[in-house]
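> Quick one, structure for this:
(chains A, B, C and D)
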Protein chains: 2
Amino acid sequence: MGTLADHIEAYIKKMLRESQTNSVELSRAQLADDFACVPSQINYVLTTRFTLERGYLVESRRGGGGYIRVGHVQVGDSFEHAIALLQSIGPELDERSMENILASLRDYQVISPRECQVIRGIVQQEVSTVSQGKEILRASLMRSLLFFIIKLEG
Amino acid sequence: MGTLADHIEAYIKKMLRESQTNSVELSRAQLADDFACVPSQINYVLTTRFTLERGYLVESRRGGGGYIRVGHVQVGDSFEHAIALLQSIGPELDERSMENILASLRDYQVISPRECQVIRGIVQQEVSTVSQGKEILRASLMRSLLFFIIKLEG
DNA sequence: CTTTCTCTGACTAATACTGACCTTAGTTAA
DNA sequence: TTAACTAAGGTCAGTATTAGTCAGAGAAAG
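Got it, this is the predicted structure:
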């Protein structure tokens, strides 16, 4: 059967498939009304199902003319490995794991040696500026940079 | 779609693009009349979208023959401009400042609308997953992503 | 029975827009 | 000369319209 959240998830994914642009604009209040639930239920669905790791981008704006935009990145087979690695990054990431991921991505030619070098430099620089939460920041940066590369090339 | 403010913003930017001089002179009352709104709506658009932080200069004069002049600050080199903006990011970065930076980089065509969208989405997603240090993480991510783009293009 | 997932509602925050009232600059006429 | 009039634009507080957050209740799974 599936929960309400499942239905809302399916509805949004259907709209995404039908859109030419791989992105869809929603009205939170309207959608909540359609499914006869509270608006915050929409946020629940978005934060649990339409995450960056699953290849979704969510933007929103409040106020008059506000909206929620959900975008989907579909990547080719050549990026499957990269996506898998990206998804394997948890809330924290140590240096050793980062190196393993970079090496793997370079081997699979998802990133160039130069890109690899740039990423390493950036992450090291940023991580060195904080005293706490280095692992968390590293995970965040790696996810973001890799996702950015995949998003643009995929 | 988009709000009235969005349309007025687009209209002014179009006029700016079409002008040889990177500046355009408006009549507040006339513009308000064209868009069927109150004159103060024009001020709202100017103060929220055409700020110095985004690279715009607004001058005006009251009384008979009054006017509003909007200029787009001519930056010598968009690459230099991007570097300057990057360096202006301190240890912390709030959402408003991030939007200003992105808007400016997009207006100067340092980043594409697509890249802008991706960056915003990634940053929002990542920042939403932490409970503390949102401003610090936002600064880190913006520095990293922008640096990465510039590094590859420059 | 305990843990994890769903769902709700009260409170919060951001953005858009309006209208009443204010300020400034030029023009005219006593 | 200067007071009065006319013709701009400015400010600000209030209202309307969205969406976001978070703690806790309820349901499902292990």
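
> C-terminal to the helix-or-strand element of chain A with minimal mean pLDDT, what's the next element?
Lowest by mean pLDDT, DSSP states H and E among the helices and strands of chain A is helix A:80-88, with a mean of 81. Sequence order places helix A:95-107 as the next helix or strand after helix A:80-88, per DSSP states H and E.

> For the residue most central in space within chain A, give its distance to B:Phe35.
Central residue of chain A (C-alpha atoms, centre = their mean): A:Leu52, 1.2 Å from the mean position. For A:Leu52, the distance to B:Phe35 equals 38 Å [C-beta to C-beta, to the nearest Å]. Bear in mind the C-beta positions are built from the backbone N, C-alpha and C, glycine included.

> got it, and A:Gly65?
Distance, A:Gly65 to B:Phe35, by C-beta to C-beta: 14 Å.

> who's more crowded, these two?
More crowded of A:Gly65 and B:Phe35, by other C-beta atoms under 10 Å in any protein chain shown: B:Phe35, with 16 against 12.

> Which phi and psi values does the more buried one adopt?
phi -100, psi 10 (degrees, to the nearest 10).

> which residue packs closest to it, ignoring adjacent ones?
Sequence neighbours aside, B:Ile8 is the residue nearest to B:Phe35 in space, at 5.8 Å (criterion: C-beta to C-beta, 6 or more residues apart in numbering or on different chains).

> Domain-wise, how is chain A divided?
Following automatic domain parsing, one finds the domains of chain A at A:4-72, A:77-153.

> Which residues are in contact with the residue of chain A found nearest DNA strand C?
Closest residue of chain A to DNA strand C, C-beta to the nearest atom of the strand: A:Gly63 (2.5 Å). A:Gly63 sits next to no residue when contact means C-beta atoms under 8 Å, 6 or more residues apart in numbering or on different chains.

> is it fair to say it lies in a helix?
No. Under DSSP: H, G, I helix; E, B strand; the rest coil, A:Gly63 sits outside any helix and is assigned coil.

> How about the backbone phi and psi for it?
Here is the backbone geometry of A:Gly63 (degrees, to the nearest 10): phi 80, psi -180.

> Please point out which parts of the helix ranked longest in chain A sit buried.
Longest helix in chain A, counting residues (DSSP state H): helix A:134-153. Neighbour-count burial for helix A:134-153, counted by 16 or more other C-beta atoms under 10 Å in any protein chain shown, picks out A:134-151.

> ok so, going back, quick check: closest non-adjacent residue to the residue nearest to the centre of chain A.
In space, and not counting its chain neighbours, A:Leu52 is closest to B:Gln125: 4.4 Å by C-beta to C-beta, 6+ apart.
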